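**Student:** Below is the structure, and that's it, no one-letter string:
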């Protein structure tokens, strides 16, 4: 049976996670993400740590994808010199700023039956639009702690995210992690002025 290719805007409704609109059976194929969305996301909301949103198919109520966001920032003191220059690019009076405001996309998942259809990229475009239109206009960067797996890193790079640290060695050093160890995640960012300039007249 061929999986239906969905369009988030046309085929789905978005919900804010709440006591009344909860998630209990979402499956994106990753145990940690499933555990967060189905069991922990509401706890994060109650503690004012993150807000979670999800999309349901209008025709069946099936959950297609979900994401959570929270306040964050990029601290310039933690950045290697070349990345610091990139992050500071075009920001006036850069020496007065020790951090640049952003939104952390803490979790993002697509239900397994909708994988491989571009749903993740649709969701990322939605998040960029949502942050630009619905959140305060001082959100300069979208940030992610992406699982350090080639396919995950490629997904974010395809959606124009850049690693905050040029190399894994620099990131390990910043986290005071032993050089021989492996990074579970890579810290990445997207400059929201790019989306603003692309979508706003």
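**Tutor:** Here it is on my side, so go on. This is a predicted model, so every value here is computed, not measured.

**Student:** what's the longest helix belonging to the chain packed up against?
**Tutor:** As assigned by DSSP state H, the longest helix anywhere in the chain is helix 119-134. In terms of contacts (3 or more CB pairs under 8 Å, 6 or more residues apart in numbering; DSSP states H and E), helix 119-134 is packed against helix 8-11, strand 63-75, strand 99-110, strand 141-147, helix 150-158, helix 192-199. For every residue, glycine as well, the C-beta is placed using N, CA and C.

**Student:** Specify the angle between the helix or strand following the first one and helix 119-134 in degrees.
**Tutor:** When you say that, I think you mean helix 8-11. Scanning forward in sequence from helix 8-11 by DSSP states H and E, the next helix or strand is strand 12-16. Orientation check (axes from the mean of the first three to the mean of the last three CA atoms, to 10 degrees): strand 12-16 against helix 119-134 gives 60 degrees.

**Student:** what helices or strands is strand 12-16 leaning on?
**Tutor:** Counting by 3+ CB pairs under 8 Å, 6+ apart, strand 12-16 packs on strand 51-57.

**Student:** returning to that earlier point: out of the helices and strands packed on helix 119-134, which gets nearest to residue 131?
**Tutor:** Closest to residue 131 of the helices and strands packed on helix 119-134 is strand 99-110 (CB to CB; 5.5 Å).

**Student:** Run me through the strand neighbours of that closest one, direction for each.
**Tutor:** Strand 99-110 has the following sheet partners, assigned by DSSP bridges: strand 63-75 (antiparallel), strand 141-147 (parallel).

**Student:** closest to residue 47 out of those strands?
**Tutor:** strand 63-75 (10.7 Å).

**Student:** Flag every buried residue along the closest one.
**Tutor:** By 16 or more other CB atoms under 10 Å, the buried positions in strand 63-75 come out as 63-70, 72-74.

**Student:** With pLDDT added, can I get those residues in JSON lines?
**Tutor:** Putting these into JSON lines (pLDDT from 0 to 100) gives the following:
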{"residue": "63", "pLDDT": "96"}
{"residue": "64", "pLDDT": "97"}
{"residue": "65", "pLDDT": "98"}
{"residue": "66", "pLDDT": "98"}
{"residue": "67", "pLDDT": "98"}
{"residue": "68", "pLDDT": "98"}
{"residue": "69", "pLDDT": "97"}
{"residue": "70", "pLDDT": "96"}
{"residue": "72", "pLDDT": "93"}
{"residue": "73", "pLDDT": "90"}
{"residue": "74", "pLDDT": "84"}
